[in-house]
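K.L.:
my questions are about this predicted structure, shown below with the sequence.
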Amino acid sequence: MENLNKYVSIYKEQLKKGDILIAYNELVKFVMKLRVDFIKRLSDEYSFAGILHGYMDYTYFYYSNDFLKSKNLKFGLVLNHLEMRFEIWLLGNTIPIQKKYWELLKTTKWNQGNTEMPKYSISETILVEDPDFNDLSTLTELIESKMSKVSDEILDYLKKID
């Protein structure tokens with residue numbers, strides 16, 4: 001790594017401008033609101049964990065149900081800041097669980113194009129490629145419908161192979 005002081009100086013300059021702080025805070029607030037909305041509407045299907053912030057690269061929360069818990073699996077609804085898109089991740093509670101389910105899912109549509117297991121998950125499926133943050137109500141509906149659809153598809157598949 002180059003001189004860390006150089007990066008810190010650039011970081012400080014960008015923070016002083018204020019745009020990054022505003023954008024980051026609003027994005028995190030939106031993900032927090034998604035979680036609250038999903039708890040209200042989907043709590044009969046899933047339990048939801050708290051928000052995790054990552055290192056300015058991901059903001060996400062986990063959600064699961066009894067079936068996933070019995071397999072040591074969970075989903076994550078992820079805002080990928082670097083790609084600025086929403087994704088659903090299937091995760092295992094341990095590395096051996098992730099490797100086991102990677103082997104079972106690596107040739108499915110949820111891992112299309114992946115020749116190696118993702119760094120943090122078993123699969124990473126894009127829900128919304130180019131979100132419109134000027135219409136949060138429509139974006140929330142879109143994320144919820146796609147999240148429900150992909151989650152159901154993955155759950156159905158897992159139940160068939162188990």
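P.N.:
Received, thanks.
K.L.:
model confidence over the top helix by length along the chain, on average?
P.N.:
Using DSSP state H, we find that the single longest helix of the chain is helix 136-161. Computed over helix 136-161, the mean pLDDT rounds to 96.
K.L.:
now do the SS call for residue 54.
P.N.:
coil (DSSP: H, G, I helix; E, B strand; the rest coil).
K.L.:
rewinding a little: measure how far the longest helix of the chain is from the centre of its chain, please.
P.N.:
12 Å (CA atoms, centre = their mean, to the nearest Å).
K.L.:
which neighbouring elements make contact with it?
P.N.:
helix 19-42, helix 66-70, strand 73-80, strand 85-92, helix 95-105, strand 123-128 (3 or more CB pairs under 8 Å, 6 or more residues apart in numbering; DSSP states H and E). All C-beta atoms are positioned from the backbone trio N, CA, C, and that covers glycine.
K.L.:
what would these look like in a markdown table with mean neighbour count?
P.N.:
Below are these laid out as a markdown table (neighbours: other CB atoms under 10 Å):
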| stretch | mean neighbour count |
| --- | --- |
| helix 19-42 | 14 |
| helix 66-70 | 13 |
| strand 73-80 | 22 |
| strand 85-92 | 22 |
| helix 95-105 | 15 |
| strand 123-128 | 19 |
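K.L.:
low-confidence ranges in this protein?
P.N.:
1, 162 (pLDDT under 70).
K.L.:
the helices and strands packed on helix 136-161: which one's closest to residue 114?
P.N.:
Counting by CB to CB, residue 114 lies closest to strand 123-128 out of the helices and strands packed on helix 136-161; the figure is 7.9 Å.
K.L.:
and that closest one with helix 136-161, angle?
P.N.:
On the basis of axes from the mean of the first three to the mean of the last three CA atoms, to 10 degrees, strand 123-128 is oriented at 150 degrees to helix 136-161.
K.L.:
residues making contact with strand 123-128?
P.N.:
Residues from elsewhere that reach strand 123-128, judged by CB atoms under 8 Å, 6 or more residues apart in numbering: 77-78, 85-90, 102, 105, 108, 110-111, 114, 118, 139, 142-143, 146-147, 150, 154.
K.L.:
what about that strand, distance to the chain center?
P.N.:
8 Å.
K.L.:
just the C-alphas of it, formatted as CSV.
P.N.:
C-alpha atoms of strand 123-128 as CSV (Å, rounded to 0.1, in the frame of the first residue of the first chain):
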residue,chain,number,x,y,z
SER,A,123,-24.3,-17.5,-4.1
GLU,A,124,-24.9,-13.8,-4.9
THR,A,125,-27.9,-13.0,-7.0
ILE,A,126,-28.5,-9.5,-8.3
LEU,A,127,-32.0,-8.2,-7.5
VAL,A,128,-31.9,-4.6,-8.7
